[in-house]
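**Student:** task: produce atomic coordinates for the following.
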Amino acid sequence: MSLPFRYCAPYSAWLSRNSVDDVGDSGIRFDERLAMRHHSTSAPVPDRPSRRRTLLGGLVTIAAAAAAALTIWIVAVPVAGVSLSTAATTVGPAAVVSTALLVGCAAWLALIVLRSLRGGLTEWTVLGCVVLLASLAAPPFSGASGTSLLVLELMHLVVGATVLTGFRLVLPQRNRRRTQPASFDPNHAVAATPTVSE
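**Tutor:** Model (predicted):
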């Protein structure tokens with residue numbers, strides 16, 4: 001059943017004007033804008049790691065750094081018999097674990113601050129590498145020498161590498177977009193010109 005021509009004619013004129021002849025400020029026809037909206041809303045959205053997974057990954061990374069430092073101390077001191085000490089004090093397991101935990105928490109805090117300032121993992125990694133290289137000067141200045149110096153330097157390298165690598169693996173990239181609109185092909189735009197029957 002078709003409507004009388006006097007009812008269809010105004011609608012046909014309006015639709016033809018907005019879909020074929022009328023080009024908006026963006027230079028896209030009305031029917032093309034409808035097709036672009038359909039393509040953009042139907043594009044798949046990539047999954048982002050949950051906050052729980054991010055928190056768990058950060059805690060595991062910090063714990064792994066502390067475990068690695070403690071493992072080096074166990075191999076060097078009780079097993080190999082190295083006297084791990086500096087000019088001021090003897091380095092025990094409590095100091096090793098607490099220092100590694102402090103380094104991991106400080107690295108995590110620095111990453112949070114950088115992300116709040118529109119930074120990302122790349123800037124954080126560069127900063128972490130600079131801090132790691134600077135920390136290698138601490139054992140010589142503390143008076144360590146010989147085998148103790150080598151063990152302390154190894155601890156610094158292992159803890160730093162564990163923290164940097166672990167956070168890069170478990171934390172999501174900030175520059176990933178939430179939506180990824182599909183590319184629009186004008187050849188697939190649906191023409192909106194109706195057929196009017198009298």
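
**Student:** how near is the closest residue to H156 other than its chain neighbours to G120?
**Tutor:** The spatially closest residue to H156, leaving aside those adjacent along the chain, is S135, at 5.3 Å (Cβ to Cβ, 6 or more residues apart in numbering). C-beta: built from backbone N, CA, C; applies to glycine. Spatial separation of S135 from G120 under the definition Cβ to Cβ, to the nearest Å is 23 Å.

**Student:** low-confidence stretches in this structure?
**Tutor:** Flagging of the chain using pLDDT under 70 yields the residue ranges 1-49, 172-198.

**Student:** all the helices of it, in order from the start?
**Tutor:** Ranges of helices within the chain are 5-16, 30-41, 51-74, 93-116, 121-135, 138-141, 146-170, based on DSSP state H.

**Student:** what are the buried residues along the shortest one?
**Tutor:** In other words, helix 138-141. The neighbour-count check on helix 138-141 (16 or more other Cβ atoms under 10 Å) flags P139 as buried.

**Student:** same check on the fourth one?
**Tutor:** For helix 93-116, burial by neighbour count (16+ other Cβ under 10 Å) applies to 96-97, 99-101, 103-104, 107-108, 110-111, 114.

**Student:** got the contact list for the nearest residue to T162 once chain neighbours are set aside?
**Tutor:** Distances taken as Cβ to Cβ, 6+ apart put A65 closest to T162, at 4.2 Å, once the chain neighbours are dropped. Taking Cβ atoms under 8 Å, 6 or more residues apart in numbering as the criterion, A65 is in contact with 100-101, 103-104, 158-159, 162-163, 166.

**Student:** ok, so of these, who is nearest L59?
**Tutor:** L59 lies nearest to G104 out of the contacts of A65, by Cβ to Cβ, at 9.0 Å.

**Student:** residue contacts, that closest one?
**Tutor:** Taking Cβ under 8 Å, 6+ apart as the definition, contacts of G104 comprise 61-62, 65-66, 159, 163.
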